[in-house]
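**Q** here is the input, now give the coordinates:
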Amino acid sequence: MHIDTPTVLIALLIGYSMLVLDLGLARRSLLAQQPALRDWMLGSVLILAGLVAIPLRLWIPVVLGVLLTNVLLTAGLAFYTRAIWRFVRGSELPGALWLFTPVGLGLLTLAWLAGWPHHRLVSISSTCMALQTVPMVVVLLRDGWRAETSLRTVGITLSMCGLALGVRAVHAELDPGNYASLDQPGTVQGLMLLAGFVSSVGAGFGFVLACLERTAQQMEHLAARDGLTGCFNRTVTQTMLGHMLERCRRDGQPIALVLFDLDHFKLVNDRHGHLVGDQVLRQFAESVRGRIRASDVFGRMGGEEFCLGLPMTDRLGAQQVVETVRSSVESMALVGREGAALRITVSAGVAVADLRQPHLDSAELTIESLYGQADDQLYRAKLGGRNQAMVA
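**A** Model (predicted):
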């Protein structure tokens with residue numbers, strides 16, 4: 001059985017054209033959010049250009065066509081590597097990994113000057129491209145396996161691409177007669193070209209899916225979080241508090257709800273400006289997050305008011321948590337306008353319901369009733385001089 005190599009190349013041109021078209025139609029906002037996707041698009045354009053350059057060998061010297069094709073293909077793979085590095089590791093590609101393109105071009109040029117046959121040029125270029133896939137596969141399988149699920153597909157397909165290119169390099173040495181020219185029919189040459197580049201097309205679509213998956217996760221995160229402080233927003237907080245109450249009711253465990261309000265926060269904005277006020281809110285939220293458990297629910301209810309849900313926490317435990325937060329906020333060293341020292345305090349209202357007590361009718365307990373009790377205690381704390389906590 002023989003596979004017509006030109007037919008394979010036409011199929012690859014169609015596949016890469018579809019990938020480039022898909023990337024080109026992506027929203028600009030998506031490309032702005034995912035710089036790695038822009039790198040992958042550029043890499044795909046370069047590889048498509050490399051495939052388009054193959055037929056140029058009919059009109060230009062074969063060696064020049066080989067050099068042009070491989071410069072474009074290896075440069076495209078370099079941008080793929082950069083895209084994966086950015087997406088998985090969040091860092092720039094090490095400079096050494098950009099060397100595959102000039103090194104491959106140099107080796108091919110030396111082989112041409114030395115008068116080596118065409119099959120040796122095929123072996124060198126395939127080896128260089130196969131080696132280029134190794135860093136990508138290592139990063140994807142080691143660091144990206146537990147990230148977006150689609151990255152697993154990218155890692156597997158790029159592994160297949162590298163393997164196919166490696167087999168092509170070895171086969172070119174073992175059976176040089178089948179690599180005298182690209183238009184020469186041959187089963188192994190056609191299959192390896194098809195497997196190598198089709199798998200890279202599949203990796204491209206997998207990478208697009210991974211970018212979309214991450215963007216969806218980021219949008220979900222933004223929809224659930226307060227953009228300034230990173231706390232849950234009011235709607236999500238109320239929902240999670242309801243779930244927390246149901247768990248405590250089911251398990252017969254105590255539950256505490258705390259309302260925090262930064263003292264005289266309006267004066268902070270008036271005297272130091274809203275940028276300083278925003279920084280105060282962020283640092284307060286960070287201080288609280290560093291002192292609570294993963295199971296606790298911490299949200300911003302609006303302005304300078306925050307809510308903290310403490311499951312399986314009795315009166316004493318809630319008092320300890322609130323006092324820790326209050327004292328840490330009081331000791332925060334903040335910088336106001338023109339470098340002026342700024343100190344803030346916080347008042348808190350605490351409501352506790354111990355569902356272990358037989359006299360408490362848990363069926364009548366709601367988040368709204370707990371919230372109302374905590375709000376009453378917060379009012380008492382404010383009325384009593386601020387910078388303190390009151391417990392119902």
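**Q** can you pull out the strands in this structure?
**A** In the chain, the strands defined using DSSP state E lie at 255-262, 297-302, 305-311, 334-335, 341-342, 346-353, 389-391.
**Q** out of these, which gets nearest to residue 176?
**A** Among these, strand 297-302 comes nearest to residue 176, with 68.2 Å by Cβ to Cβ. The way it works is simple: take the backbone N, C-alpha and C, and place the C-beta from them, glycine included.
**Q** so which of the strands of the chain comes closest to residue 77?
**A** Taking those one by one with Cβ to Cβ, strand 297-302 is closest: 45.2 Å.
**Q** if we look at that closest one, which residues are touching it?
**A** 226, 228-229, 231-234, 236-237, 240-241, 244, 259, 281, 285, 288-289, 292, 306-309, 311 (Cβ atoms under 8 Å, 6 or more residues apart in numbering).
**Q** same check, this time on stretch 159-178
**A** With Cβ under 8 Å, 6+ apart, stretch 159-178 has contacts from 117, 119-120, 122-124, 126-127, 129-134, 137, 141, 179, 184, 186, 188-189, 191-193, 195-197, 199-200, 203.
**Q** low pLDDT regions in this structure?
**A** 1-6, 8, 26-33, 62, 180-190, 358-363 (pLDDT under 70).
**Q** tell me which other helices or strands the longest helix belonging to it touches.
**A** Using DSSP state H to assign secondary structure, the helix with the most residues in the chain is helix 187-224. Contact here means 3 or more Cβ pairs under 8 Å, 6 or more residues apart in numbering; DSSP states H and E; on that basis helix 187-224 packs against helix 5-24, helix 28-33, helix 35-53, helix 62-84, helix 150-174.
**Q** same question for the last one: list its buried residues.
**A** Counting neighbours by 16 or more other Cβ atoms under 10 Å, one finds that the buried residues in helix 150-174 are 150-172.
**Q** count of residues packed around the residue lying closest to residue 289 once chain neighbours are set aside?
**A** Leaving aside its chain neighbours, residue 289 sits nearest to residue 298 (6.4 Å; criterion: Cβ to Cβ, 6 or more residues apart in numbering). Residues near residue 298, counting by other Cβ atoms under 10 Å, number 22.
**Q** okay, and the beta partners of residue 298?
**A** Under DSSP bridges, the beta-bridge partners of residue 298 are residue 308.
**Q** OK, contacts around the closest residue to residue 101 other than its chain neighbours?
**A** Using Cβ to Cβ, 6+ apart and skipping residues adjacent in sequence, the residue nearest residue 101 is residue 74, 4.3 Å away. Neighbouring residues of residue 74 by Cβ under 8 Å, 6+ apart: 100-101, 104-105, 125, 128-129, 132.
**Q** tabulate these (TSV), appending neighbour count and distance to residue 112.
**A** What follows is those, written out as TSV (neighbours: other Cβ atoms under 10 Å; distance: Cβ to Cβ, whole Å):
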residue	neighbour count	distance to residue 112
100	19	18
101	20	17
104	24	13
105	18	11
125	26	11
128	22	15
129	25	18
132	24	21
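**Q** and which of these is nearest to residue 321?
**A** Scanning these for proximity to residue 321, where the rule is Cβ to Cβ, the winner is residue 132, at 53.3 Å.
**Q** of all the strands of the chain, which one is nearest residue 43?
**A** strand 297-302 (41.4 Å).
**Q** distance to residue 369 added to the contacts of residue 74, as TSV?
**A** Below are the contacts of residue 74 laid out as TSV (distance: Cβ to Cβ, whole Å):
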residue	distance to residue 369
100	66
101	68
104	71
105	74
125	73
128	70
129	67
132	63
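**Q** okay, buried residues for stretch 61-74 please.
**A** 63, 65-74.
**Q** now swap in stretch 34-49 and tell me
**A** 34, 36-49.
**Q** which one of those is nearest to residue 364?
**A** residue 34 (49.5 Å).
**Q** now that closest one, nearest residue through space, not along the chain?
**A** In space, residue 34 is closest to residue 211, 4.5 Å off (Cβ to Cβ, 6+ apart).
**Q** and the one you found, what does it touch?
**A** Contacts of residue 211 by Cβ under 8 Å, 6+ apart are 30, 34, 36-37, 87.
**Q** go again with 7 Å.
**A** For residue 211, the contacting residues are 34, 36-37, by Cβ atoms under 7 Å, 6 or more residues apart in numbering.
**Q** do residue 98 as well
**A** Counted by Cβ under 7 Å, 6+ apart, residue 98 has contacts residue 78.
**Q** the residue at minimal distance from the centre of the chain - nearest residue in space that isn't next to it in sequence?
**A** In the chain, the C-alpha nearest the mean C-alpha coordinate belongs to residue 214, at 5.3 Å (Cα atoms, centre = their mean). Closest residue to residue 214 apart from its sequence neighbours, by Cβ to Cβ, 6+ apart: residue 148 at 5.6 Å.
**Q** looks like the one you found contacts residue 208 (just checking).
**A** No. Judged on Cβ atoms under 7 Å, residue 148 makes no contact with residue 208 at a distance of 11.2 Å.
**Q** quick one on the thing from earlier: if I look at the residue nearest to residue 289, how far off is residue 315?
**A** Per Cβ to Cβ, to the nearest Å, residue 298 is found 20 Å from residue 315.
**Q** and residue 289, how many neighbours?
**A** 13.
**Q** right, I mislabeled it, should have said residue 17
**A** For residue 17, using other Cβ under 10 Å, the count is 14.
**Q** so who does the residue nearest to it when sequence neighbours are not counted touch?
**A** Of all residues not flanking residue 17 in the chain, residue 48 sits nearest, at 6.5 Å (Cβ to Cβ, 6+ apart). Taking Cβ under 7 Å, 6+ apart as the contact definition, residue 48 lies against 16-17, 20.
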